[in-house]
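please find the sequence and the predicted model below.
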Amino acid sequence: MARAATQASIAVSSDGRDWLIVNASPDLRQQLEANACLHPQEGLRSSPIAAVVLTNADVDAIAGLLNLRERTAFALHAHPRILSVLEANPIFNVLAPGVVRREAFEVGQPAEIAGLTVEAFPVPGKVALFLEKPEAGADLGTQEGDTIGLEFTDPEGRRLLYIANCAAVTPELKARCQGAEALFFDGTLWRDDELIFRNEGSKTGQRMGHISMSGPEGAMAALADVDTKRKIFIHINNTNPVLLGDSAERREVEAAGWEVAYDGMELSLGRH
């Protein structure tokens, strides 16, 4: 049996009072309602959401911004490439510029956000589906900043990595994961041809910018010797059999030392 699951937004906090949301998925409102720590704490028009950080411009990452249009102040952080996508679509102007600050950050330049040090780093991936340019060839028009990972460092120096979209594990990416307290990693597909195999589509995982979990080129093999205290698959497609708690694939994932994210999952760095 599979648990009901919403999409891959997470909330991060250094003090339990001010929260940073990573990616605004289309079902963000449902997620906010389900987690009391994200409810108004100081009056009905207040919000503990201090910031939203975007890792890409996919619909799954930006559509939920429209749920945050209630003139409550927060900061919106993203790579300039992603901010340009929002600026090109006037519907996102419902986030009133005088209330919601848009803050650009570059890869490799740490920023202080909601009490945490946040650093964006490049991740192999691709441009958002609706921005693909078939005439551009194999790279589909992708540019630096289309897909990033995030590294969060708390005041005690403990690190959490969020890499929900990833096409390949590079040596640089693997080195960054070493020694982290927790790693959230792209678990979209179990096998590269999953959609084709299940008659759900014609694209491979690589064509969609996602590394598979399994296989000699998959994430479990690539990250097998990485010293990370917790490894958690997130951003899991509904075709992926690891969603089934009694599946052989779930047993294989857990035997390899991985966890599968679920709605309501909580973790505290330094506690296990």
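Nice, I can see it.

ok, residue 208 - contacts?
Residue 208 makes contacts with 126, 188, as judged by CB atoms under 8 Å, 6 or more residues apart in numbering. Quick note: C-beta positions are derived from backbone N, CA and C, even for glycine.

tell me the mean pLDDT for stretch 157-164?
Averaging pLDDT along stretch 157-164 yields 96.

please spell out which residues along that stretch are buried.
Residues of stretch 157-164 classed as buried: 158, 159, 160, 161, 162, 163, 164 (neighbour count, 16 or more other CB atoms under 10 Å).

so what's the last one up against?
It stands for residue 164. Contacts of residue 164 (CB under 8 Å, 6+ apart): 8, 23, 55, 184, 185, 186, 234, 235.

mind checking how far it is from residue 41?
To residue 41, residue 164 is 28 Å away according to CB to CB, to the nearest Å.

in helices only, show me the buried residues of stretch 157-164.
The members of the buried residues of stretch 157-164 all map outside helices under DSSP state H.

got the phi and psi for residue 91?
phi -60, psi -30 (degrees, to the nearest 10).

count of residues packed around the residue nearest to it when sequence neighbours are not counted?
Nearest residue to residue 91, sequence neighbours excluded (CB to CB, 6 or more residues apart in numbering): residue 66, at 7.2 Å. Residues lying near residue 66 (other CB atoms under 10 Å) number 15.

now for residue 66: which residues touch it?
Counting by CB under 8 Å, 6+ apart, residue 66 makes contact with 91, 92, 94.

which one among the residues you listed gets closest to residue 229?
residue 92 (37.2 Å; CB to CB).

now do stretch 252-259, average pLDDT.
Per-residue scores along stretch 252-259 average to 98.

what's in contact with that stretch?
By CB under 8 Å, 6+ apart, stretch 252-259 touches 213, 214, 220, 224, 230, 231, 232, 233, 242, 260.

out of those, which are buried?
When the contacts of stretch 252-259 are checked against 16+ other CB under 10 Å, the ones flagged as buried are 213, 214, 220, 230, 231, 232, 233, 242, 260.

parallel or antiparallel, which strands does the helix or strand that contains the fifth one pair with?
So that's residue 231. Element membership for residue 231, per DSSP states H and E: strand 230-234. Using DSSP bridges, the strands paired with strand 230-234 are strand 182-186 (parallel), strand 258-260 (parallel).

now for the contacts of stretch 252-259, which pair is the farthest apart?
214 and 230 (19.7 Å).

can you get me a residue count around the residue nearest to residue 40 when sequence neighbours are not counted?
Spatially, and ignoring its direct neighbours in sequence, residue 40 is nearest to residue 46 (4.6 Å; CB to CB, 6+ apart). Taking other CB under 10 Å as the criterion, the count of residues near residue 46 is 12.

assign a three-state SS to residue 46, would you?
coil (DSSP: H, G, I helix; E, B strand; the rest coil).

backbone phi and psi for it, please?
phi -90, psi 170.

touching, it and residue 72? I think so.
Yes - between residue 46 and residue 72 a contact is recorded at 7.3 Å, counting by CB atoms under 8 Å.

can you show me the strands along the stretch 101-250 of the chain?
Secondary structure of the stretch 101-250 of the chain (DSSP state E, counting those that start in this stretch): strands at 111-113, 116-122, 148-153, 159-163, 182-186, 230-234.

and among these, the most buried is which?
strand 182-186 (a mean of 25; mean count of other CB atoms under 10 Å).

residues making contact with that one?
By CB under 8 Å, 6+ apart, strand 182-186 touches 10, 160-166, 177, 210-211, 219, 223, 226, 228-235, 261, 267, 269.

repeat the analysis, applying 6 Å as the threshold.
Residues outside strand 182-186 that contact it (CB atoms under 6 Å, 6 or more residues apart in numbering): 160-166, 177, 210, 228, 230-232, 234-235.

can you tell me the closest non-neighbouring residue to the residue nearest the centre of the chain?
Residue closest to the average C-alpha location in the chain (CA atoms, centre = their mean): residue 164, at 4.0 Å. Residue nearest to residue 164 in three dimensions, not counting chain neighbours: residue 235, with 4.1 Å by CB to CB, 6+ apart.
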